[in-house]
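Q: Provide a 3D model corresponding to the input given below.
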Amino acid sequence: MASARPVVKRTARAVLLDDSDPVGPPQLVLIKRTKPGRPPYWITPGGGVEPHDATVVDALHREVHEELGAKVTDVVPAFVDTVPHTPEPGEVVPPGGLKVQHFFVCRLASMDPAQRHGPEVDEPRGTYEIVRLPFTPRGLVSADIVPGTLAAYLVRNIPGILALLAPDLS
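A: Here you go, the predicted model:
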């Protein structure tokens with residue numbers, strides 16, 4: 001039996017829904033990333049679990065506050081994506097390692113972009129624009145959401161994802 005490849009990085013990412021508008025569909029809060037020489041792409045807020053994070057959920061709260069100046073509620077695990085890890089320059093990890101991305105569905109409680117901080121704000125590589133898309137099939141396919149596995153999961157599971165935030169699950 002072959003040995004398992006090591007998990008060398010874990011991330012916590014928010015499928016962040018703003019359902020404050022009682023008339024329209026919920027909005028998915030994303031970050032539009034633009035890097036020089038690349039077409040734009042859209043990512044969920046979040047990032048790496050750090051050694052000082054007690055849990056993956058603690059990392060989620062920290063990252064959402066850093067990237068959006070936001071607070072979230074009703075955090076529910078929804079999707080896990082495992083991919084080969086590409087080390088950052090200077091990062092020392094065993095070869096052949098994996099990155100596990102934990103995606104949590106959650107509600108936006110508050111957001112103040114003036115509270116944003118951290119490397120994405122202090123030393124940006126390109127731009128990080130906060131955007132909202134209607135949480136509908138048409139809204140989701142209007143942007144290049146990465147990873148593609150998440151985009152496909154979201155489009156296929158809109159009613160189920162919304163049901164994860166139902167009051168009878170808490």
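Q: assess the claim that F79 and Y153 are in contact.
A: Yes - using Cβ atoms under 8 Å, F79 is in contact with Y153, at 5.3 Å. C-beta: built from backbone N, CA, C; applies to glycine.
Q: how about the longest helix anywhere in the chain, which residues are buried there?
A: Secondary structure of the chain per DSSP state H: the longest helix is helix 56-68. Neighbour counts over helix 56-68 (16 or more other Cβ atoms under 10 Å) mark 56-57, 59-68 as buried.
Q: again, but for stretch 48-55
A: 49, 53.
Q: identify the residues contacting it?
A: 9-12, 56, 59, 62-63 (Cβ atoms under 8 Å, 6 or more residues apart in numbering).
Q: and the helix or strand bottoming out on mean pLDDT in the chain, what does it pack against?
A: When each helix and strand of the chain is scored by mean pLDDT, DSSP states H and E, helix 119-122 comes last, with a mean of 75. Here helix 119-122 touches helix 56-68, going by 3 or more Cβ pairs under 8 Å, 6 or more residues apart in numbering; DSSP states H and E.
Q: re the thing from before, give me the contacts around the longest helix of the chain.
A: 10-14, 16, 29, 31, 45-50, 53, 70-72, 75, 102, 104, 106, 111, 113, 115-118, 120-121, 128, 130.
Q: let's see 7 Å
A: 10, 12, 14, 31, 45-47, 49-50, 53, 70-72, 75, 102, 104, 111, 113, 115-118, 120, 130 (Cβ atoms under 7 Å, 6 or more residues apart in numbering).
Q: tell me how far A143 lies from P51.
A: Distance, A143 to P51, using Cβ to Cβ, to the nearest Å: 33 Å.
Q: so where's this structure uncertain?
A: In the predicted model, the chain carries pLDDT under 70 at residues 1-3, 169-170.
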